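J.: Would you be able to build a 3D model of this:
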Amino acid sequence: MMLAEYIRSLQSYEIYAFTNEDVVKHCIAPKTTLKTEFVRLSKKKQILNLRKGFYVIIPAKYLNVSKIPVQLYIEKLFIYIQKDYYVGLYSAAAIHSASHQQIQQDYIICSAPAMRDIKKGSFTMKFFQKSHWSHHNIIQKKSDAGLFNVSSPALTLADLLHFQNKLGGINRMLAIIEELAETIQLEDLNELIRWYPHVNTFQRMGYLLEQFAVNEEILETIQRHLDLQKVYPMLLSPIKNEKPGSANNRWKIDVNITLENDL
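T.: Predicted coordinates:
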């Protein structure tokens, strides 16, 4: 089987990625012939070498943007890398229909050690590392290519707040937070509370959710959790060398920015 034929066969089964090992196993052709085929298909933008030894297939319907949705290949990529992962942050919010903006890059949370971001053509993938890994609040969604991992609405919100300084700040994500606030379920939040380690994230979450007038039961659940912790005044938006001042609210949040929707 030639490489082009093999790629067509993968697409017929809704498979959009392959590895060098897959090619060796399924393509009986001289190495020089395969190398020529790789170059030809890459120039035609039908395949992309996303990571050493790992290729993404770009079907005809995506050729105009030279990119395919991350959910079509991310599971296979991380099986190949042998790391835990989930689609998170703005990418997860879009999957949960909490973002009305076109996401220009993909956001992936993965276990340690840290990974370098990928920037190849139209593919931009940003990796955020977590040393404290938990499989809780990670749900599986189904794509045309199979199942993939994505953070639940509660975990998505928590991660957005935790990584806010690397994501453009709270105002950039304010509309997304408001949309996520409408989707968070009590069961999802309770599961998050059992393991998520950042108390200040729950303080910020409680304050912001209160601004959007979510179900009081959600707010009371966060409040009960904080009552069991050592809670100190905290800036809503962390700024280097700035310490919290007055925090005249139940969340002990110093509101040091004006909340304005940047979208």
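J.: Whichever strand or helix holds residue 8 - contacts with which helices or strands?
T.: Under the criterion of DSSP states H and E, residue 8 resides in helix 3-12. Helices and strands touching helix 3-12, by 3 or more Cβ pairs under 8 Å, 6 or more residues apart in numbering; DSSP states H and E, are strand 17-19, helix 20-26, helix 31-43, strand 54-57. No exception for glycine: its C-beta is placed from N, CA and C like everyone else's.
J.: got a list of contacts for the second one?
T.: Read that as helix 20-26. Applying Cβ atoms under 8 Å, 6 or more residues apart in numbering, the contact partners of helix 20-26 are 1, 3, 6, 34, 53-54.
J.: swap in the third one?
T.: Helix 31-43 is touched from outside by 2-4, 7, 23, 27, 29, 47-49, with contacts defined as Cβ under 8 Å, 6+ apart.
J.: Quick check: buried residues in the helix holding residue 8?
T.: Across helix 3-12, burial judged by 16 or more other Cβ atoms under 10 Å covers 3, 6-7, 10.
J.: Would you pull up how far that helix lies from the middle of the chain?
T.: 29 Å (Cα atoms, centre = their mean, to the nearest Å).
J.: Same question for stretch 1-13.
T.: 29 Å.
J.: can you list contacts of that stretch?
T.: 16, 18, 23, 26-29, 33-34, 37-38, 41, 46-47, 57, 59.
J.: re the thing from before, okay if I get the buried residues of helix 3-12 as CSV plus distance to residue 222?
T.: As requested, the buried residues of helix 3-12 are exported to CSV (distance: Cβ to Cβ, whole Å):
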residue, distance to residue 222
3, 53
6, 52
7, 49
10, 46
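J.: Let me have the residues you listed in a markdown table, extended by pLDDT and distance to residue 186.
T.: Below are those laid out as a markdown table (pLDDT from 0 to 100; distance: Cβ to Cβ, whole Å):
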| residue | pLDDT | distance to residue 186 |
| --- | --- | --- |
| 3 | 92 | 51 |
| 6 | 94 | 48 |
| 7 | 95 | 46 |
| 10 | 96 | 42 |
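J.: Among the residues you listed, which one sits closest to residue 242?
T.: Nearest to residue 242 among these, counting by Cβ to Cβ, is residue 10 at 52.3 Å.
J.: Residue 57 versus that closest one, what's the distance?
T.: Relative to residue 57, residue 10 is positioned 6 Å away (Cβ to Cβ, to the nearest Å).
J.: anything in contact with each of those two?
T.: In contact with both residue 10 and residue 57: 16, 18, using Cβ under 8 Å, 6+ apart.
J.: ok so, going back, reformat the helices and strands packed on helix 3-12 into a markdown table and put distance to residue 249 next to each item.
T.: Converted to a markdown table, the helices and strands packed on helix 3-12 look like this (distance: least, Cβ to Cβ, whole Å):
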| stretch | distance to residue 249 |
| --- | --- |
| strand 17-19 | 48 |
| helix 20-26 | 55 |
| helix 31-43 | 55 |
| strand 54-57 | 47 |
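J.: quick one: what helix or strand has the spatially closest residue to residue 253 that is not a sequence neighbour in it?
T.: Spatial nearest neighbour of residue 253, chain neighbours left out: residue 207 (4.4 Å); criterion: Cβ to Cβ, 6 or more residues apart in numbering. Element membership of residue 207, judged by DSSP H and E, is helix 199-211.
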